[in-house]
Structure formats: structure tokens, C-alpha cells
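Novice: give me a 3D structure for the following:
(chains A and B)
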Amino acid sequence: AQSVAQPEDQVNVAEGNPLTVKCTYSVSGNPYLFWYVQYPNRGLQFLLKYITGDNLVKGSYGFEAEFNKSQTSFHLKKPSALVSDSALYFCAVRDGGGYQKVTFGTGTKLQVIP
Amino acid sequence: NAGVTQTPKFQVLKTGQSMTLQCAQDMNHEYMSWYRQDPGMGLRLIHYSVGAGITDQGEVPNGYNVSRSTTEDFPLRLLSAAPSQTSVYFCASREGSSSLHFGNGTRLTVT
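Specialist: Numbering: from 1, shown residues only, chains lettered A, B, ... in the order given. Okay, here's the model as predicted:
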């Protein structure tokens, strides 16, 4: 069975500092990996994905993520945090190919402190 | 495009009542799914469908039924609501390897 682990319930970072939100995954086949963001009382919005190719993936709002196959990780990063980045972030995985189901992590609340 | 539309936005039920949460998408996506979101537990997959007439169970299917008679619609039915089903429910769809498109959610309270 596939799974996603987000080991930190909350990450606090000062505005202007770099941020990292951690994600590790388990899947039997080739992983398709995703990051989503949820603002209060809203649905989830797509940030970025890794399907194949370059291990460093760039997405919306200046976010990027690095796929590391040996460590089965897909950490979300941003060089300089903004207060408006404060939200709930979800990592997700599915087995590549076909219409496979998507499994989400438990989410990490990012708090950017002014 | 409207994307993924969920109705209602809010619902209060009494234990034992039944109801249907509606989900419709206008993007001609083959894949549709239902998740519930609970504090500290992330999003858990209830049921999903890979096309009209095809459905399958997710992680937490008990107490929920689905059907997929058209590509556009994927309703979620609660046959006999229980307090444990109090949650926020999200419908999502996608095509191929693309990301999921989410609706705005239905907040359900069962008393």
C-alpha cells in the first residue's frame, strides 16, 4: 500500500528566511508526487508535481521541491518566505501510470512570522 | 469553466438520516474521487472512480456509497449518518497524470 509521511505538524519560519516542509513517501511503482496548499476555509490548490525528469521541480508562488529517490523524499522549499505563504501544505503520491488513486499526507501547517 | 462544483456547502444531519453530497465537473475528467478531511488526519480517500460505471473503495469507505452514471457527476451517499461522519468532504477530479482539481468542500455536521 502506498503512503505519505509529513513528520512535522507545524513549521515556523521568519519572513525572508528559507523554508522547508518535509515529505517522505512509499509506493511500489514509479512515484508521481504532488504538493498542494490549502488556505483557511478553502479547497486545495495545486503547487507542483514530479512525474519524471529533473529532480528539482519548480512550481507556483516561487516554491520548488526536490525529488530524492534514494531517500524516498520530496521536500518542499522556498528561498524566502512570505507572510502570505502561511497555510496548510499537503504532500501526495500515487503509483505512476493509469488512473491510480492518490494518497495524501496528514498536512503541515506553515506559519511565517513577520 | 466552473471546474468542480460541490453542493451543498454546509449540512447538518441528525444521526440516522440519509443524504447525498453532490459533485459535478465540466472538464470531461475520467477520474473522480471523494476525500474527507479531519484535523490531524489529512485527507483520506473514501471512494474513487476511473470512469462512468466504474467505482472502487478508498481507505475509509464504510458508511458511504457512490455511483458514476455519467462522466460529469459523482455523488456521495450517506445511508445512515453517524457522528463519526462529521467532517469536511472534498470532491476532486483529474485527467491522466495531471494534478487533482478540488471542489470547495462540504462541511457536514452529524448530531
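Novice: which residues does residue 11 bridge with?
Specialist: Picked chain A for this. Going by DSSP bridges, A:Val11 is paired in beta bridges with A:Leu110.
Novice: if you could check chain B rather than the one you did, that'd help
Specialist: In beta-bridge terms (that is, DSSP bridges), B:Gln11 pairs with B:Leu108.
Novice: ok, A:Lys58 next?
Specialist: Residues in beta-bridge contact with A:Lys58 (DSSP bridges): A:Glu64.
Novice: low pLDDT regions in chain B?
Specialist: The model of chain B has pLDDT under 70 over residues B:1.
Novice: what sits against B:Cys91?
Specialist: With contact set as CB atoms under 8 Å, 6 or more residues apart in numbering or on different chains, B:Cys91 has these partners: B:4, B:6, B:21, B:23, B:25, B:32-35, B:74, B:76, B:102-103. C-beta here means a position set from N, CA and C on the backbone, and glycine is covered the same way.
Novice: between those residues, which sits nearest chain A?
Specialist: Closest approach to chain A among those (CB to the nearest CB): B:Phe102, at 4.0 Å.
Novice: distance of the closest one from B:Cys23?
Specialist: Going from B:Phe102 to B:Cys23 by CB to CB, to the nearest Å gives 10 Å.
Novice: need the residues touching each of those two.
Specialist: With CB under 8 Å, 6+ apart, B:Phe102 and B:Cys23 have common neighbours B:Val4, B:Cys91.
Novice: contacts with chain A among the contacts of B:Cys91, please.
Specialist: The subset of the contacts of B:Cys91 lying close to chain A, counting by CB under 8 Å from any CB of the partner chain, consists of B:Ser33, B:Tyr35, B:Phe102, B:Gly103.
Novice: beta partners of the third one?
Specialist: Pointing back at B:Phe102 there. With DSSP bridges as the rule, B:Phe102 is bridged to B:Ala92.
Novice: I figured it hits B:Arg94, correct?
Specialist: No - using CB atoms under 8 Å, B:Phe102 is not in contact with B:Arg94; the gap is 9.9 Å.
Novice: list phi and psi for A:Gly43.
Specialist: Phi and psi for A:Gly43, reported as degrees, to the nearest 10, are phi -80, psi -180.
Novice: got the contact list for the spatially closest residue to it that is not a sequence neighbour?
Specialist: Once flanking residues are discounted, A:Gly43 sits nearest to B:Phe102: 4.0 Å by CB to CB, 6 or more residues apart in numbering or on different chains. Shown in contact with B:Phe102 (CB under 8 Å, 6+ apart): A:Tyr36, A:Gly43, A:Leu44, A:Gln45, B:Val4, B:Phe90, B:Cys91, B:Ala92.
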